[in-house]
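**Student:** fold the stuff below for me.
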Amino acid sequence: MDADASALEAALDGQIRGPAGIAAFFELAARVRPDLDARGLYLLHRGSARAYGIAGDSERARAEAQRALELVPDDVYCTSLLANLDLEGAAPVFVCLRRAQDMVRRDDGLTGFALQSLAECHAMLGRFQEAGSYVAQYEAHMPFPTELRPRLELMAGDAVAAEDSAGALVEEQERAGDLGHGAESLAVLARAVLLQGRDPSALLAKLESWLAPEDVWGQAQLRSLRGRAAGDAALVREAVELLEPTEYLNARAEVQLDLFAVAGEGADRALSLYERKGNDFGARLASELLERREQA
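**Tutor:** From the prediction side, this is the model:
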């Protein structure tokens with residue numbers, strides 16, 4: 001591998017390691033692009049796909065992933081990234097579920113993502129026993145832990161379990177210097193603490209230091225959680241505005257529910273977003289909130 005490609009590979013790793021990683025990657029990519037060989041171009045497109053996905057620009061993320069796959073057709077990372085853009089984005093749950101089932105049957109490098117997707121899809125359908133089974137399989141399959149378990153525990157309403165799971169995970173990711181993934185876990189931990197009626201300010205201060213400025217989901221979570229903790233609807237509305245241009249229907253619905261908790265509005269919008277996704281569990285939660293408001 002030539003020097004430019006090696007530098008791009010290191011910059012791609014830097015996207016995971018710290019808050020300046022995305023900007024640093026794009027700066028390097030613009031500088032070295034004219035001199036890249038095929039391997040270097042593949043790394044450029046792969047890194048750009050990840051960065052655009054974090055920034056909430058699904059269209060550019062898909063285009064860059066497809067360019068990477070034209071150069072390396074069997075690339076597992078970009079194939080799973082494309083599927084994950086659908087899972088976290090606008091593709092209906094039944095489409096994501098069918099794709100994940102097909103991936104599991106193939107039993108290849110995409111198995112880990114497929115198990116994660118099956119867990120998330122079953123949770124969205126309210127099938128938490130099945131989701132838990134897939135979480136266990138996913139954790140046995142993966143060489144490193146992720147925030148999947150605490151995220152689904154939080155979704156199921158068990159904030160205590162989510163705090164325990166996410167707390168241990170954040171400590172491990174911080175020791176490893178994995179602040180990119182660690183920020184996702186830290187946001188889950190802060191929400192679990194908040195939902196138990198405790199102050200998440202210290203966790204949110206750490207989250208702010210770990211987040212890339214371009215991380216649209218993370219920055220929205222930061223504002224929404226701070227706003228909900230302080231009863232500040234303006235901060236939650238900032239989160240809503242950050243996410244509104246994106247395809248991330250579940251994330252958009254979640255901050256709308258934060259707005260409802262603070263200002264009594266947003267549950268109807270959350271319901272619409274969850275219904276578009278086919279997220280039956282989320283839609284039921286939003287409907288119950290609306291019913292309670294009407295009965296009050």
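
**Student:** now the helices for the stretch 101-250 of the chain?
**Tutor:** If DSSP state H, counting those that start in this stretch is used as the criterion, the helices of the stretch 101-250 of the chain fall at 111-124, 128-141, 148-155, 159-176, 179-195, 201-210, 216-230, 233-243, 249-263.

**Student:** surely residue 49 touches residue 68?
**Tutor:** Yes: the pair residue 49 / residue 68 is scored as a contact, 6.2 Å apart, by C-beta atoms under 8 Å. Quick note: C-beta positions are derived from backbone N, CA and C, even for glycine.

**Student:** between the two, which contacts overlap?
**Tutor:** Jointly contacting residue 49 and residue 68 under the rule C-beta atoms under 8 Å, 6 or more residues apart in numbering are residue 78.

**Student:** next structured bit after the lowest-mean-pLDDT helix or strand in the chain?
**Tutor:** Ranked by mean pLDDT, DSSP states H and E, the helix or strand of the chain with the weakest confidence is helix 3-17, at a mean of 85. As assigned by DSSP states H and E, the chain's next helix or strand after helix 3-17 is helix 21-32.

**Student:** quick check: mean pLDDT of the next helix or strand after that following helix?
**Tutor:** Downstream of helix 21-32, the first helix or strand assigned by DSSP H and E is helix 38-54. Here helix 38-54 scores 94 as its mean pLDDT.

**Student:** ok, now stretch 286-296?
**Tutor:** For stretch 286-296, the mean per-residue pLDDT is 90.

**Student:** report pLDDT for the nearest residue to residue 134 once chain neighbours are set aside.
**Tutor:** Nearest residue to residue 134, sequence neighbours excluded (C-beta to C-beta, 6 or more residues apart in numbering): residue 119, at 3.8 Å. On the pLDDT scale, residue 119 is placed at 98.

**Student:** now do residue 1
**Tutor:** We have a pLDDT of 51 for residue 1.

**Student:** on that earlier part again, buried residues in the least confident helix or strand of the chain?
**Tutor:** For helix 3-17, the neighbour count (16 or more other C-beta atoms under 10 Å) marks 4-5, 7-9, 11-12, 14-15, 17 as buried.

**Student:** columns mean neighbour count and distance to residue 95 on top of the helices of the stretch 101-250 of the chain, output as a markdown table?
**Tutor:** Compiled in a markdown table, these are given as follows (neighbours: other C-beta atoms under 10 Å; distance: least, C-beta to C-beta, whole Å):
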| stretch | mean neighbour count | distance to residue 95 |
| --- | --- | --- |
| helix 111-124 | 24 | 10 |
| helix 128-141 | 17 | 17 |
| helix 148-155 | 24 | 20 |
| helix 159-176 | 18 | 28 |
| helix 179-195 | 25 | 24 |
| helix 201-210 | 18 | 32 |
| helix 216-230 | 24 | 21 |
| helix 233-243 | 21 | 21 |
| helix 249-263 | 23 | 13 |
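
**Student:** what angle do the least confident helix or strand of the chain and helix 38-54 make?
**Tutor:** Relative orientation of helix 3-17 versus helix 38-54 (axes from the mean of the first three to the mean of the last three C-alpha atoms, to 10 degrees): 20 degrees.

**Student:** what about helix 3-17, distance to the chain center?
**Tutor:** 22 Å (C-alpha atoms, centre = their mean, to the nearest Å).

**Student:** the residue nearest to residue 134 against residue 148, yeah?
**Tutor:** Yes: counting by C-beta under 8 Å, residue 119 does reach residue 148; the two are 6.3 Å apart.

**Student:** perfect, that will be all.
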